[in-house]
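# Dropping a prediction and its sequence here:
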Amino acid sequence: MLLGILKKRNIVVFVALCILFFGYKCHENLALEAYPDIANMQVRVITQVPGKAAEEMERLVTIPLEKELNGIPHAEPPRSISIFGLSVITVTFDDEIPSNVARHWVLEKINSADLPQNVQPQLDPDASPVGEVYRYTVEGSDYTPRQKKEWEDWYLERKFKAVHGVVDSTGFGGPTKVYLVELDPNMMKALNISLSQVETAISSSNGSTGGSYIVRNGQNYMVRGIGLLRSVEDIENVVLASEKEGPPILVKNIANVSVSDKVRLGQVGKNEDDDVVEGIVLMRRGENPSRAVDNIMAAWNDIQAGLPHGMRLAPLYDRTALVRKTSETIGHNVAEGIVLVVVILMLYLFQVRSALIAAVSIPMSLCTAMILLYVFDIPANLLSLGAIDFGIIVDASIIMVENIIRHLSEMGAHTDADKRDVLYTIYSAANEVTRPILFATSIIVLTFLPVFTFERVEGKLFRPLAVNMNFYLLGGVLSAMTLVPVLCAIVYAKTVPSEKESPIMAFFLNLYKPILTWSMKNKFLVALIGIGAVCFSVLGAATLGGEFLPPLEEGNIWVRATVLPTSVSLQQSVKIAGGIRRVFRTYPEVANVVSQIGAPDDGTDPNNYSNIEIFVDLKPREEWRPQFRDKQELIADMNNKLMDEYPGCLYNFSQYIKDNMDEAIAGVKGELGIKIYGQDLDILDNIGSQIRNIIQNIPGMVDVAKDELLGQPQLLISIDRANAARYGINTSDILDTVQTSIGGMKITELQENDRRFGVMVRYQAAYRKDIGNLENILLTTPNGSRIPLSSLAKIEEAHGATAILRDKNSRRLAVKANIRGRDLLSTVLEAQKQISKHVVIPQGYTVKWEGQFASAERAMGRLLIIIPATLLLIFLLLYADFGSARIALLVMLTVPLATPGAILALMITHTHFSISAGVGFIALSGVAVQNGVILVSLVEHIKGVGVSLRQAVAQSALIRMKPALMTTTVAAAGLLPAAMSTAIGAQSQRPLALVIVGGLIPGVMLALIVLPALYEFFDSGFKLTSKKEPIESELESSKI
């Protein structure tokens, strides 16, 4: 086959050009995202029942829904939050369940739930936790926040939803317009008007009908009866009752009617403005963020044009900015890596043409991977692209080119008549290394198998990397096996190259010869060196510390401030949020600050007024003051200032995407979550307080806080059923009256063109501000008399829950924290030891550690099983290839010999061991075994032609030193920029790059010393021999 490829060189070149062309086109259309969506498939059920306390929401809505949702296949037990007027339940599915199937199953279940009348659960938009791709604010000094909110709700949301790739647009902040009917109970009593009369009269006065049609002048005239309410005056003039004598009683006789604001669930502030309207655009699940934002930008001008004069949209957050920054980081690192690879090839080969031929596999592998990614619709991200080592990709071509050049130079000069000899020499040289290249590459592919067994977060992060790596390796091997020999045949058709001695290679060769001589004479000392290196690896690894993943830098800060007590009013939170924004604005490093209090109107982000979330948009790093060397120092300074200015708040510092992901994965707003499960909220609070007090004193634990679920002041209205029965009043009538008169009830809607606004009825503020007013609320008995509420119910003050969290069908409370300045694993282990020592957990209550620690524990446990199994599989392949378990074991020694340099690199850079570093060790082991295979294959080949073992080992070591050193140096150079980069987008790939760069060169050096020295020992069946033959003759007779 290879000879046929060499004879059809034009076809091979044409196919290569086609791959380059289509690869470039596929790259232009490839889906690109900054960070992969690492959350499992989730569906949220949102239920709003205005006026209900957290306890009622849990009892009446959350628990009945949970009961039904428990039976869904391929789903975890639901988790939920119940707060004032809102219940949100999250159902997490297995990864393989499609979104439409999951949503269909959830809809089926909620439709069969036993819920109160008129309670209608809704599914949240089909978006992932990282689906918030664009944020903006509605600006315009000539407009009130209510007017801006109206345009957001009825114009902007519709327009953005129509954009391809957008599933929803949510407004946050700004008051929602309503028509408010505020009743005067004294006038109602004087005029003998009941609350139900008002509700019935207004709702029945708002309608329209059709009277079919009449025929007139040969045409059909449609008959329309229009009775819709259209203004405040229309509502005021609704008739409540008619007297035989005197004018009718109208709404305006007993109430004030006005355009007002709906009770707000939250408020947004920006910089110095306390009340702004924000829009959040959600990308449909599975869409590409770059394309979605491009579509938004394409529609931006048209959307702006539809706004009234003086109103405009101000961009606040654009996901593509992060994509651009990470793409720049990746492009910079990859470009530098490719340049380094080519330069090193030229220095080692000392031939520009040979170096360029070998380097051709880089664009070929890149384009092959782009085509396959596009065909299989696999999105690319910073980790799957940025952590690809083109040095490893080009290894096969280096070996191929080096072997071809060596064979051609041995063939010597020739005339035109010798062209056939050149072709067959290239064929022979290529055929000689084809099997070792294929086998060594398959070993590298095999080492990535553990990555495909990763689950959940780690699987979604690193499986694309493994897929990409295999695509790149496929392109690199195909290029080395086909295009490289063809290009050699074309380039060297007339002029056979001489194997020029590179000064660098000559230096290393002269340095290596005496070392090789010494190592083969002192096998015992060499074995001790190898054992010492492995011991260093073990001891060094124990000092590294561990974490799940290094933080993925986004270039912003997301702060959660919890105001204590959690029963704080909206007005007080607004004051505190404004002060916090002012603190952040004192930093020149900050571009914009936006605060969010509470929840949006649609309930998609369930929070109380005590929850303030602040988005701090940072300027580029080069614009920072020199006193802040990194982001952690800036955060520490900000935290100290906030604690000085507002000590009554708890602060948690994170990042925009990261915060959403932490909450989506574990249901906890922090890197680490300690969940306490049980029934009694007081006991949960007591356990949580003990745990919080312990871990906040552990070094490395920062932003420590527990869920504040208690302390909500309440007015309990307990109905006296006996008295209610005596007066003939139903309990439901009492409750409805209480809800309407105090909290307000939406009784109908008023339509303005294509916009609809609620009509609310409630008592005037003066009649609902204290217990005395509430006791005087009048109810109508069946005989028409009026009875005060105090005769039917007892009203008293109490304290209840601000929120009730549930998980796995049990109430729970979480203590959350972030880790800074210390590794995750050692910090958690110390915390667990202290908690088990000092905290007594009552029977019926359990504690579970979740968040990044649970992910790290799960991934590490899987690595401990899969990596040894993979190494065993590699050993079996080596045994099948060499036919000797001893030789296979000798090749496997390259794996532990490569680890000391990697461990040292992590130690020097103070980098903790993480899943990223673990994947680096996986890739490193594959490259290390590849070098061992190539060396041992040549030894076995030379032995087969009758050369003594010692001479075969010496000759093979000297011959393979050059390609081994080249491939290793090139592989290390390919990832050197990524290992040194600290820019946005580099953090996740840096540990992986450090392991490979740090492990390769020391690893190959140790392998070139240890393997030749121990070869005879392994080959002889582990027999020690006292035979001391001189080896200088073997070295002198070796052909380089």
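Perfect, I can see it now.
# Which residue comes closest to residue 581 once chain neighbours are left out?
Leaving aside its chain neighbours, residue 581 sits nearest to residue 593 (4.6 Å; criterion: Cβ to Cβ, 6 or more residues apart in numbering). Yep, even glycine has a C-beta here, placed from its N, CA and C like the rest.
# Look up how far residue 582 lies from the one you found.
Going from residue 593 to residue 582 by Cβ to Cβ, to the nearest Å gives 9 Å.
# Which one's more surrounded, these two?
Per other Cβ atoms under 10 Å, whichever of residue 593 and residue 582 has more neighbours is residue 593, with 23 against 13.
# What are the boundaries of the strands in the stretch 351-500 of the chain?
Taking DSSP state E, counting those that start in this stretch, the strands of the stretch 351-500 of the chain run over residues 380-381.
# Which positions in stretch 260-267 come out as buried?
260, 262, 264-267 (16 or more other Cβ atoms under 10 Å).
# Can you show me the CA trace of that stretch as CSV?
The C-alpha trace of stretch 260-267 is given here as CSV (Å, rounded to 0.1, in the frame of the first residue of the first chain):
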residue,chain,number,x,y,z
SER,A,260,-49.5,51.9,40.4
ASP,A,261,-46.8,49.3,40.9
LYS,A,262,-47.1,45.6,41.5
VAL,A,263,-45.5,44.3,44.7
ARG,A,264,-41.8,43.9,43.7
LEU,A,265,-39.9,40.7,44.0
GLY,A,266,-36.6,42.4,43.4
GLN,A,267,-34.7,45.5,42.2
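# Surely residue 759 is within a strand?
Yes. Secondary structure of residue 759 (DSSP: H, G, I helix; E, B strand; the rest coil): part of a strand.
# Touching, it and residue 201? I think so.
No. Assessed by Cβ atoms under 8 Å, residue 759 is found out of contact with residue 201, at 11.7 Å.
# Compare those two (neighbour count), which wins?
Comparing residue 759 with residue 201 by other Cβ under 10 Å, the one with more neighbours is residue 759, at 21 against 18.
# And the more buried one, how close does it get to residue 50?
14 Å.
# what's the answer for residue 446, then?
60 Å.
# what's the answer for residue 94, then?
Counting by Cβ to Cβ - residue 94 and residue 50 are separated by 35 Å.
# and if you look at residue 160?
Applying Cβ to Cβ to residue 160 and residue 50 gives a distance of 26 Å.
# More neighbours: the two, which one.
More crowded of residue 160 and residue 50, by other Cβ under 10 Å: residue 160, with 25 against 16.
# for the more buried one, what are its contacts?
166, 169, 279, 281, 296, 299, 303 (Cβ atoms under 8 Å, 6 or more residues apart in numbering).
# isn't the fourth one right next to residue 135, touching?
Yes. Here residue 281 lies in contact with residue 135, judged by Cβ under 8 Å, at a distance of 7.2 Å.
# who has more neighbours, those two?
Per other Cβ under 10 Å, whichever of residue 281 and residue 135 has more neighbours is residue 281, with 27 against 20.
# Can you report how many residues lie near the residue nearest to the more buried one when sequence neighbours are not counted?
Leaving aside its chain neighbours, residue 281 sits nearest to residue 134 (4.1 Å; criterion: Cβ to Cβ, 6+ apart). Residues within reach of residue 134, counting by other Cβ under 10 Å, total 25.
# Likewise for residue 865?
11.
# For it, give its distance to residue 515.
For residue 865 relative to residue 515 (Cβ to Cβ), the value is 38 Å.
# Also residue 931?
Residue 931 is 17 Å from residue 515, by Cβ to Cβ.
# So those two - more neighbours on which side?
Neighbours of residue 931 and residue 515, each counted by other Cβ under 10 Å, are more numerous for residue 931; the result is 28 against 13.
# how close does residue 312 get to residue 560?
From residue 312 across to residue 560, the span is 30 Å (Cβ to Cβ).
# between those two, which one's more packed in?
Shown here are residue 312 and residue 560; by other Cβ under 10 Å, residue 560 has more neighbours (23 against 12).
# Now for this protein, the helix or strand with the poorest mean pLDDT.
Ranked by mean pLDDT, DSSP states H and E, the weakest helix or strand in the chain is helix 1032-1037, scoring a mean of 50.
# Just grab the bridge partners of residue 266 for me.
Under DSSP bridges, the beta-bridge partners of residue 266 are residue 598.
# what do you get for residue 313?
Bridge pairing for residue 313 - DSSP bridges - gives residue 138.
# For the stretch 701-850 of the chain, just list every one of the strands.
Taking DSSP E, counting those that start in this stretch as the test, the strands found in the stretch 701-850 of the chain are 701-706, 710-719, 745-752, 755-763, 778-780, 786-788, 793-801, 803-807, 810-819, 846-851.
# any chance of those strands in TSV, plus mean pLDDT and distance to residue 575?
Shown next, in TSV, are the strands of the stretch 701-850 of the chain (pLDDT from 0 to 100; distance: least, Cβ to Cβ, whole Å):
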stretch	mean pLDDT	distance to residue 575
strand 701-706	88	21
strand 710-719	86	19
strand 745-752	89	30
strand 755-763	91	26
strand 778-780	82	37
strand 786-788	85	37
strand 793-801	87	24
strand 803-807	93	22
strand 810-819	91	26
strand 846-851	89	32
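# Just put the ones you listed in TSV and tack on distance to residue 874.
Compiled in TSV, the strands of the stretch 701-850 of the chain are given as follows (distance: least, Cβ to Cβ, whole Å):
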stretch	distance to residue 874
strand 701-706	41
strand 710-719	57
strand 745-752	68
strand 755-763	67
strand 778-780	81
strand 786-788	85
strand 793-801	57
strand 803-807	42
strand 810-819	35
strand 846-851	34
